[in-house]
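In: Generate coordinates for the sequence data below:
(chains A, B, C, D, E and F)
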There are 6 protein chains.
Amino acid sequence: MPAGERLYESLVDLSVEENEAVLWNQIKAEARRDAEVEPALASYLYSTILSHSSLERSLSFHLGNKLCSSTLLSTLLYDLFLDTYSSDPGLRTATVADLRAVRTRDPACVSFSHCLLNYKGFLACQAHRIAHKLWAQSRRPLALALHSRVSEVFAVDIHPAAKFGKGILFDHATGVVIGETAVIGNNVSILHHVTLGGTGKTCGDRHPKIGDGVLIGAGATILGNVKIGAGAKIGAGSVVLIDVPPRATAVGNPARLVGGKEKPVVHEESPGESMDHTSFISEWSDYII
Amino acid sequence: MPAGERLYESLVDLSVEENEAVLWNQIKAEARRDAEVEPALASYLYSTILSHSSLERSLSFHLGNKLCSSTLLSTLLYDLFLDTYSSDPGLRTATVADLRAVRTRDPACVSFSHCLLNYKGFLACQAHRIAHKLWAQSRRPLALALHSRVSEVFAVDIHPAAKFGKGILFDHATGVVIGETAVIGNNVSILHHVTLGGTGKTCGDRHPKIGDGVLIGAGATILGNVKIGAGAKIGAGSVVLIDVPPRATAVGNPARLVGGKEKPVVHEESPGESMDHTSFISEWSDYII
Amino acid sequence: MPAGERLYESLVDLSVEENEAVLWNQIKAEARRDAEVEPALASYLYSTILSHSSLERSLSFHLGNKLCSSTLLSTLLYDLFLDTYSSDPGLRTATVADLRAVRTRDPACVSFSHCLLNYKGFLACQAHRIAHKLWAQSRRPLALALHSRVSEVFAVDIHPAAKFGKGILFDHATGVVIGETAVIGNNVSILHHVTLGGTGKTCGDRHPKIGDGVLIGAGATILGNVKIGAGAKIGAGSVVLIDVPPRATAVGNPARLVGGKEKPVVHEESPGESMDHTSFISEWSDYII
Amino acid sequence: MPAGERLYESLVDLSVEENEAVLWNQIKAEARRDAEVEPALASYLYSTILSHSSLERSLSFHLGNKLCSSTLLSTLLYDLFLDTYSSDPGLRTATVADLRAVRTRDPACVSFSHCLLNYKGFLACQAHRIAHKLWAQSRRPLALALHSRVSEVFAVDIHPAAKFGKGILFDHATGVVIGETAVIGNNVSILHHVTLGGTGKTCGDRHPKIGDGVLIGAGATILGNVKIGAGAKIGAGSVVLIDVPPRATAVGNPARLVGGKEKPVVHEESPGESMDHTSFISEWSDYII
Amino acid sequence: MPAGERLYESLVDLSVEENEAVLWNQIKAEARRDAEVEPALASYLYSTILSHSSLERSLSFHLGNKLCSSTLLSTLLYDLFLDTYSSDPGLRTATVADLRAVRTRDPACVSFSHCLLNYKGFLACQAHRIAHKLWAQSRRPLALALHSRVSEVFAVDIHPAAKFGKGILFDHATGVVIGETAVIGNNVSILHHVTLGGTGKTCGDRHPKIGDGVLIGAGATILGNVKIGAGAKIGAGSVVLIDVPPRATAVGNPARLVGGKEKPVVHEESPGESMDHTSFISEWSDYII
Amino acid sequence: MPAGERLYESLVDLSVEENEAVLWNQIKAEARRDAEVEPALASYLYSTILSHSSLERSLSFHLGNKLCSSTLLSTLLYDLFLDTYSSDPGLRTATVADLRAVRTRDPACVSFSHCLLNYKGFLACQAHRIAHKLWAQSRRPLALALHSRVSEVFAVDIHPAAKFGKGILFDHATGVVIGETAVIGNNVSILHHVTLGGTGKTCGDRHPKIGDGVLIGAGATILGNVKIGAGAKIGAGSVVLIDVPPRATAVGNPARLVGGKEKPVVHEESPGESMDHTSFISEWSDYII
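Out: The predicted structure is shown next:
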């Protein structure tokens, strides 16, 4: 069991506050260690992590500096983010779950502090959670301005109305597009260039609903108000226009179910957590090069 | 009929100048309303819209601040954009048509001011129109420097020589790539990750020609000097290497015509305006999950 | 023979230093010419090229200014880049080869200076070469911070551990993702949206190995520790999950070999250099629209 | 009675909180009026005043943006200032008194908002009050860093240990220097280029003590641990090295008492509030041109 | 006759436009020469001078970049300055006269371009001329915001209502303070730390009136509505509270007339142009060290 | 004996390199201690001091960031400063002597790192030493551009041609003006607002010559090619137009010698080091208030 997973296990019994405190202490310890071995990075680590008293202050500072522009100042964003975090403790819980998701699922993620500072998928997701909160408070122009900055700075385009569960991983993240009425469950993993898109110019419920534990491969396009069942797996580059049953695997353009429409192969429960992208190859008779 | 469309209808009989004035007044009214309900955004709205006397001044300011860098100052770009707008009234007409295209076709676009400020597809398109003008004036190094900034800031890569019609919508826009000899007609809608690419290292006419009213779905790749007929529809994720007839639908990788090569199904006139992405599913016998 | 290629030929017999000096002189001559005809760009050209005494100083300055942020200052990056260049002459050789690759293979590349300043694929590749050097020196937090900035600024996500040959072209580059254990040979050309990805959350050798002279088309996704043989060609939008033999062409999702699995068509030696994307169409019986 | 003074009168019976609330409302009303008549300034007024919920938030934002540098970020300063204000309500009381002092005493001060935004003497004084608080909390390196930024940005050099009363006006303020052990009473007015300096390199109590209601003219230099009695007036350009009795006037270099050492002329009670700089001329027999 | 003066002579017969054109050409020639011998400065010279088509565009750009802040953007100021210059040709005439004044009178001024770029006294004076124009147009909040930036950036504090003649030199300029109702004639030279101040808190006409050709030495303080006659000279460090006759010299604190009150020595006509600071020493019987 | 002085003593026998190394180690130790007790400042201390390998690198970084502007980038200045330091070891020796001068003579200077980071007099002096070197290399436009930035940023205006000895302290420094042909000896201390000015518009040697060990009080004005003898003391606010003998004290406007012209009182050898500003009062019969 890798270190990341072990940590995850041991945290399960803690309260939300304890959980966050444990994580924050670990992040600071990581940053302190990095600052010691790499003085060139120490200033960066102190300003972003080590000078802050909590995870949400660190994140508000870091996001504020990344998303600001000459017409949207960092102090304004910092203030806005801090206010939003303090108004909704659920945001912090989700942030903690997302951090753990990255650390546990991505073998290239060497530390929590690395994720906090450098993963644009993680950062875009947290900015979305704030924008979504603003949207829910009917502060729509502000939510959309924030959405726009995230799309420019991280190349991740998530409509502020989209609903997200917890423990979501956006790996690499460049080019992700998620529409207004999309819903994403818990423990979902989504690779870069994935589209959860609409089907036209009709208003109303028109974007995909992604079940818990789903894994969506790089470049997959899912269009319309379709349901991707819990634990389903969508292969890289697939184009999905209709529902996919739970724990089934859809691949190709147009997407087909591995094992066939009638009796699709059913796999492990949560590919969104196991991140198994390619084990279906052996069972996919079509896949012959 | 949604509000956006009604507005569009009522403007048809106005002159270019009246048309632009009506639109600019509406944009200012929207911004004023947003500034009132959201003081945190008022500074942003005043600096980008409400302090300006015309649409092109507002746009020149906004683009100048977005595209500037430490070595290409905002004042230089602002000056350049203003000069270019004043030298060619056609640019303003195209901008007005593009703004209306977004407002009418994208149900997530809540206002003209939202589009003007936040839609990177719209902004990249206007920057391209200016770069194209500079290219046509043989100011090529400047056009290419501008092109490069647009590619970095918006992740939209349009060669300054590419020729564009009016009323073009780039929805989401991240990852769009359009080559040097590409031509795009009027009232075209192009989703994110779309490539209008070349076929190799030969110079000369080597990129796609897109007819009026075409709709190109997310992630579609069209390569070579091929002709996409007026009103054609290219499905998401398709790879198109040869011509597509007018009002036909091409889907898949490699792309096939819905209804078959011999007797392709022919649809409504302008999917680029109706934005109907997925109605072909029912007729696409292959699409079985 | 186009000018770019002629230049390439004539440089073959020079030493590394002479080679770089010849190129640097040409770049300065190009910049001087552009500054004269376009005074609006002269300041930019002097600060980025004409005020510097060598290619690596110019590049360190330009990259430092592009990749800096409010918490990672340009002077720190500039210093780091200069130090890294001076510690490893191999980096400069690779940079020269990359510059020549762009100039020779991309018909839209009008000059070396244009590539140096404006090609985000080229710039991201040079930043990666520096990050890779830092990674090899066990300065991992710094390498990852640099990696993160490249991913944000250029939308190009290359893990610092990935191993690169020389003469590599990233054309357009937006959305390229290359994983930790990927290896890329010499004279490879990779279009935008290409993924060289892993297959899950297992650590270890899990990313593609790309042979010399390979050409990978736009939007292609190659997953897992698979081997793409020297001189192979991967069609745009293909999804490749298993090995591709040398000089074969793989197209489609799932990818198939042109000519069939048993007797694949074998083409010219180095499509990565010839950039021939679409000549296989005639031989690809499946490709019927 | 001018408007400023009337306002001052009517506020005398209010509590501290009411007082501050009345003032803050007036400042917002002034800024709103200015934003309406001058759209070019509206963005500035919204970002600095109208988007904030209290005087101390507005001031923290404004000072943070003025005093930040590339190595001391605005968000850090903003945070620090907000924290300091919330830890000590006395700071807010002093700020309110200083604002009123400027408005009442300086005929060129057209509004409270004008003073809040534009008077560098007022801003330097508020920054000093914060630095002094940090000094008192033994956060000396931070207090000195802040002191240094104030000296660079406003050309006002006040040692963080100096003790200030309330209702202090620094008019024009450029070049003011105030040493470590200086003490300034209530309702003091100090013009530009005034020095309250030490006498050498001995540590210990070595700077002037300025009584309540003192007025110090432009360019006056007061050196050493001397006592300037309450209500005294120091003429412009004077050099004062020994004590000045209460309500006396010292002028010249070296300074002499108007009326003579033995029987100095005694004037009104608080020249620091009346701002009468030159009425002594008639009584100053020496002043003959 | 030094080169600067010769140039001045030869321009006397030209029209305003010709005059400005000749000067602008000379400035560009100087900048071009400097850019050639000093590549490190070429970028700076191109962005500030060589890329502009006229003196007022260059000056608007340079001032806009110097006076901007995070809440007052350079594009806004640039626009404002350009508009003001184009609305009043008299501003340009005064600028030309000021440039010539510096070049002719200051032996340390090596070129017109040096003055345009580097003399904060010249730049503060031009910014004041613009602020004064805004004040006259009743755009007072904007004029005061500009005034405030000039005071912070250049440490020169000139109330926007103060009236200036032409051909004014502020040498070194740090710490100059000029009040609301001050008036300065033509061909006046004012050294650093000079105060033209008021006498209290009474509104109304309360600041000095400086005649043509006056020279005011470093650190001189002139207070109240006093008249400094044409061609008078005020010695460094003097404190002047009453009128000074034309062509007389006032020195000391309190100031006395050289030659005595009854029969003051009368000198050359325009010390403001000859810059003779100290020739009075021989005649000043008091000056004995 | 205070700590600062003890340190000074113990360094006397070391070589230049050892001396600098000892000082640099102490600076780093101080910064490390401050970073530990004040996390809010740690980022600043790491970026300015702790991430650098030598005093001159730290100083080049710090000055580059302070003096840069939107048209003179920090990387350019950083490069220029590093190059100048490495070309002339004498510059480093002078810097070390200046640092020690501040630490030993100013009781408010709590540490070397405090001086290095926060003393604008020290920073302006180091920038002048570099500008002077450039001037001596006939890189005059560059020297003047640097001079101009120092005058704006620190309000300290030192002509690049002025010649400086070692161990110079500019205390507070605001408003200091030093002309082209001024010369300052070793171990001189100069307070704020001091002018070493010229006498008119004649070229040639026209500024004061300040002997070793001189102390010049706040606001003193010394004009013309006069000689201030070694160890002389100039009182605050004095105006000096003729020579002052060695170890004499000149005070007042016009300045007189304490003790009288014929038999001036002679004091300790180096008031520039002892910083005794006011001991002359007892002997100055005129000083009666």
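
In: residues near A:Val37, how many?
Out: 13 (other C-beta atoms under 10 Å in any protein chain shown). Heads up, the C-betas are built off the backbone N, CA and C, glycines and all.

In: Could you say which helix or strand holds the closest residue in space to it that isn't next to it in sequence?
Out: Among residues not flanking A:Val37 along the chain, C:Pro141 sits closest, at 7.6 Å (C-beta to C-beta, 6 or more residues apart in numbering or on different chains). Element membership for C:Pro141, per DSSP states H and E: helix C:140-154.

In: And the helices in the stretch 1-150 of chain A, which stretches?
Out: Taking DSSP state H, counting those that start in this stretch as the criterion, the stretch 1-150 of chain A contains helices spanning A:3-11, A:16-37, A:39-45, A:55-67, A:74-87, A:89-105, A:112-118, A:120-136, A:140-154.

In: immediately after the last one, which helix or strand?
Out: Read that as helix A:140-154. Downstream of helix A:140-154, the first helix or strand assigned by DSSP H and E is strand A:157-158.

In: right, and the helices of the stretch 1-150 of chain A - which one's nearest B:Pro208?
Out: Closest of those to B:Pro208 is helix A:140-154, at 25.7 Å (criterion: C-beta to C-beta).

In: Next, count neighbours for the residue lying closest to A:Arg247 once chain neighbours are set aside.
Out: Once flanking residues are discounted, A:Arg247 sits nearest to A:Gly231: 4.2 Å by C-beta to C-beta, 6+ apart. Residues near A:Gly231, counting by other C-beta under 10 Å, number 25.

In: which stretches of the stretch 101-250 of chain A aren't confidently modelled?
Out: Residue ranges of the stretch 101-250 of chain A with pLDDT under 70: A:201.

In: Where does it get nearest to chain B, residue-wise?
Out: Nearest to chain B, among the residues of the stretch 101-250 of chain A, is A:Ser148, at 3.5 Å (C-beta to the nearest C-beta).

In: How much space separates that residue from F:Asp212?
Out: As judged by C-beta to C-beta, to the nearest Å, A:Ser148 and F:Asp212 stand 64 Å apart.

In: Show me chain A divided up by domain.
Out: Structural domains assigned to chain A are A:13-156, A:162-288, following the TED database.

In: could I get the helices of the stretch 1-150 of chain A as a markdown table with distance to C:Arg100?
Out: Conversion of these to a markdown table gives the following (distance: least, C-beta to C-beta, whole Å):
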| stretch | distance to C:Arg100 |
| --- | --- |
| helix A:3-11 | 43 |
| helix A:16-37 | 37 |
| helix A:39-45 | 32 |
| helix A:55-67 | 35 |
| helix A:74-87 | 41 |
| helix A:89-105 | 39 |
| helix A:112-118 | 32 |
| helix A:120-136 | 32 |
| helix A:140-154 | 33 |
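
In: For D:Lys163, which of those helices is the nearest?
Out: Among the helices of the stretch 1-150 of chain A, the nearest to D:Lys163 by C-beta to C-beta is helix A:74-87 (29.8 Å).

In: Can you work out which other helices and strands pack against that closest one?
Out: Here helix A:74-87 touches helix A:55-67, helix A:89-105, helix A:120-136, helix B:39-45, helix D:55-67, helix D:74-87, going by 3 or more C-beta pairs under 8 Å, 6 or more residues apart in numbering or on different chains; DSSP states H and E.

In: What parts of chain A come near chain E?
Out: Counting by C-beta under 8 Å from any C-beta of the partner chain, chain A comes close to chain E at A:Ser70, A:Thr71, A:Leu73.

In: Just the buried residues of those residues.
Out: A:Ser70, A:Thr71, A:Leu73 (16 or more other C-beta atoms under 10 Å in any protein chain shown).

In: Give me the neighbour count for the closest residue to A:Leu80 other than its chain neighbours.
Out: Computed as C-beta to C-beta, 6+ apart, the closest residue to A:Leu80 that is not its neighbour in sequence is B:Ala40, at 6.4 Å. Neighbours of B:Ala40 under the rule other C-beta under 10 Å: 23.

In: Report the contact partners of B:Ala40.
Out: Taking C-beta atoms under 8 Å, 6 or more residues apart in numbering or on different chains as the contact definition, B:Ala40 lies against A:Leu76, A:Leu80, A:Leu142, D:Ser51.

In: so what's it scoring on pLDDT?
Out: Looking at B:Ala40, its pLDDT is 93.

In: Name whatever forms a beta bridge with A:Leu215.
Out: A:Ser189, A:Lys233 (DSSP bridges).

In: The helix holding C:Pro141 relative to helix A:16-37, how many degrees between them?
Out: Going by axes from the mean of the first three to the mean of the last three C-alpha atoms, to 10 degrees, helix C:140-154 is angled at 100 degrees with respect to helix A:16-37.

In: Report the angle between helix C:140-154 and helix C:55-67.
Out: Using the same axes, to 10 degrees: helix C:140-154 against helix C:55-67 is 70 degrees.

In: Just the closest of the residues of chain A next to chain E to B:Glu268, please.
Out: A:Thr71 (40.8 Å).

In: hmm, back to that, any chance of the contacts of B:Ala40 in JSON lines, plus neighbour count and distance to C:Gly165?
Out: JSON lines is the format used below for the contacts of B:Ala40 (neighbours: other C-beta atoms under 10 Å in any protein chain shown; distance: C-beta to C-beta, whole Å):
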{"residue": "A:Leu76", "neighbour count": "21", "distance to C:Gly165": "46"}
{"residue": "A:Leu80", "neighbour count": "20", "distance to C:Gly165": "46"}
{"residue": "A:Leu142", "neighbour count": "22", "distance to C:Gly165": "48"}
{"residue": "D:Ser51", "neighbour count": "21", "distance to C:Gly165": "53"}
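
In: just curious, which of the residues you listed is nearest to C:Asn25?
Out: Nearest to C:Asn25 out of the contacts of B:Ala40 is A:Leu76 (C-beta to C-beta; 48.1 Å).

In: ok, that closest one - contacts?
Out: Residues near A:Leu76 by C-beta under 8 Å, 6+ apart: A:Cys68, B:Ala40, B:Ser43, D:Ser47, D:Ser51, D:Phe61.

In: Just give the nearest non-adjacent residue to the fourth one, would you?
Out: It refers to D:Ser47. Nearest non-adjacent residue to D:Ser47, counting by C-beta to C-beta, 6+ apart: B:Ser43, 3.5 Å away.

In: How about the first one?
Out: Excluding the flanking residues, the one nearest A:Cys68 by C-beta to C-beta, 6+ apart is A:Ser74, at 3.8 Å.

In: hang on, isn't A:His172 packed against C:Asp157?
Out: Yes - the pair A:His172 / C:Asp157 is scored as a contact, 5.1 Å apart, by C-beta atoms under 8 Å.

In: so what sits against both of those two?
Out: Listed as contacting both A:His172 and C:Asp157 by C-beta under 8 Å, 6+ apart are A:His192, C:Ser151, C:Val177.

In: Surely A:Ser58 touches A:Leu116?
Out: Yes - between A:Ser58 and A:Leu116 there is a contact under C-beta under 8 Å: 7.0 Å.

In: What are the neighbouring residues in contact with the residue lying closest to A:Leu77 once chain neighbours are set aside?
Out: Distances taken as C-beta to C-beta, 6+ apart place A:Gly64 nearest to A:Leu77, at 4.0 Å, with adjacent residues excluded. Taking C-beta under 8 Å, 6+ apart, we find A:Gly64 in contact with A:Ser74, A:Thr75, A:Leu77, A:Tyr78, A:Phe81, D:Thr75.
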